[in-house]
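> Need a 3D model of the sequence below.
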Amino acid sequence: MAALRSHRRATALAVTAAVLLLGAACGKSDTKGASGSTTSTAKAGGVVADGPVVIQAGINDPAQRAVAVLQYMPAKATVAVGQTVRWTWDGTSEPHSVTFFPPGQSAPSPPGSDPTLFAPTPATGLYDGSTLVNSGLAPQGPGAVPPFEVAFAKPGSYGYSCVIHPQMMGTITVVPVGQAAETAAAVKTRGDQEKGQWLAEGNQALQKLQSAVPVGTKNSTGTTNWKIEMGASTPHTDILAFAPVPANLKHGDKVTFVNNSGAPHTASFFNKQPPIESPSDPAIDKAAPGPSPQTLNSTDLFNTGTLPPDAPPGAGPPEAARSFTFAVPTAGDYQYLCIYHSPSGMAGVIKAS
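Take a look at the predicted model:
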């Protein structure tokens, strides 16, 4: 579980994203590419003056925070040598990184297992692909996050990724000064198109999750065992919500939380106890007050511990390792949350009559 804890240690580290301001604007001319799209070039000896190319690093749907897009938008961009690429975290509650690995080094496996990558390693000049350049994880709490900027020293293809979300991959293609490069406006347009696609994909998955009929299995005693899904995942998003929630749960019933998603989760009831606030706290991994099943009350701490994802999809740990059961002995409201994803509003309540 140490790797899974590291996977979400972002909110425990004090990371200041470095802003690297590079390049001098020395004039530009606009031309039309072969496809008719507007491109930008620079005069000999000058850097493209089209302004920074901006790429969005993940986003939560502002209308449905539970929908978290785990993509760079756009995933690809073409720029000139010396032109600045700027990554922004505006609108995301979930931490992400922009990490360029040098030859011979790759993203850690499992994701998040190398916490040294959670801190930034900014470029010290124009980047040539030979060293590690890394934004570190951001955001770190509710404050605004400075953008991360890189400009490139030579033509080539530069791949990058997020150290905790392996599906987040991007490519910057760098061309010589004087050759056609995309305008900042063209990159933004494509990024907005991709963002719209992935938000629609995530909202469809959220609707499917929330509209599902709660699964209940009757016992010989007349009680019911209910099942609650801990989120869901699509190729481009994580759905950070507990659903479907049984509406007619009775005291004496049981609730089993099952993680069939692609991200680690907890179901944590703090009641009158101090909350576990940091994903770096070892207590997050510990089932409390002990292993499944447990009987809830309104006073003590109850925690599933970190339940691993079903990753790769359908081939993850067995369901027993991704599940935890609580008995609900008395009527009342029992509030719970996922410690890892509470910034995105991943929380719920068991209402027992």
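
> helix/strand/coil for Lys208?
helix (DSSP: H, G, I helix; E, B strand; the rest coil).

> pLDDT wise, what is it at?
The per-residue pLDDT reported for Lys208 equals 96.

> quick one: contacts for it?
By Cβ atoms under 8 Å, 6 or more residues apart in numbering, the contact list for Lys208 reads Ala232. (C-beta placed from N, C-alpha, C; glycine too.)

> please renumber so the chain begins at 42
All right, first residue 42 from here; so that's Lys249.

> So, low pLDDT: which residues of the stretch 292-394 of the chain?
For the stretch 292-394 of the chain, no stretch has pLDDT under 70.

> what are the ranges of the strands in it?
Assigned by DSSP state E, counting those that start in this stretch, the strands in the stretch 292-394 of the chain fall at 295-299, 309-310, 335-336, 343-344, 364-368, 373-378, 388-393.

> Redo those as TSV? Include distance to Glu135.
Shown next, in TSV, are the strands of the stretch 292-394 of the chain (distance: least, Cβ to Cβ, whole Å):
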stretch	distance to Glu135
strand 295-299	20
strand 309-310	18
strand 335-336	29
strand 343-344	21
strand 364-368	23
strand 373-378	15
strand 388-393	15
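
> nearest to Val228, of the ones you listed?
Nearest to Val228 among the strands of the stretch 292-394 of the chain is strand 388-393; the distance by Cβ to Cβ comes to 36.0 Å.

> what sits up against the closest one?
269, 282-283, 286, 288, 290-292, 294, 296, 337, 367, 369, 371-379.

> Please verify my assumption that Gly357 contacts Leu348.
No: Gly357 is beyond contact range of Leu348, at 10.5 Å (criterion: Cβ atoms under 8 Å).

> before we move on, back to that, from the contacts of strand 388-393, which would you call buried?
Buried members of the contacts of strand 388-393, scored by 16 or more other Cβ atoms under 10 Å, are 269, 282-283, 286, 290, 294, 296, 337, 367, 369, 375, 377-379.

> end to end, how far does stretch 130-137 reach?
8 Å (Cα to Cα, to the nearest Å).

> next one: stretch 149-163
19 Å.

> Okay, buried residues for that stretch please.
Here stretch 149-163 shows 149, 151-154, 156, 158-159, 161-163 as buried, counting by 16+ other Cβ under 10 Å.
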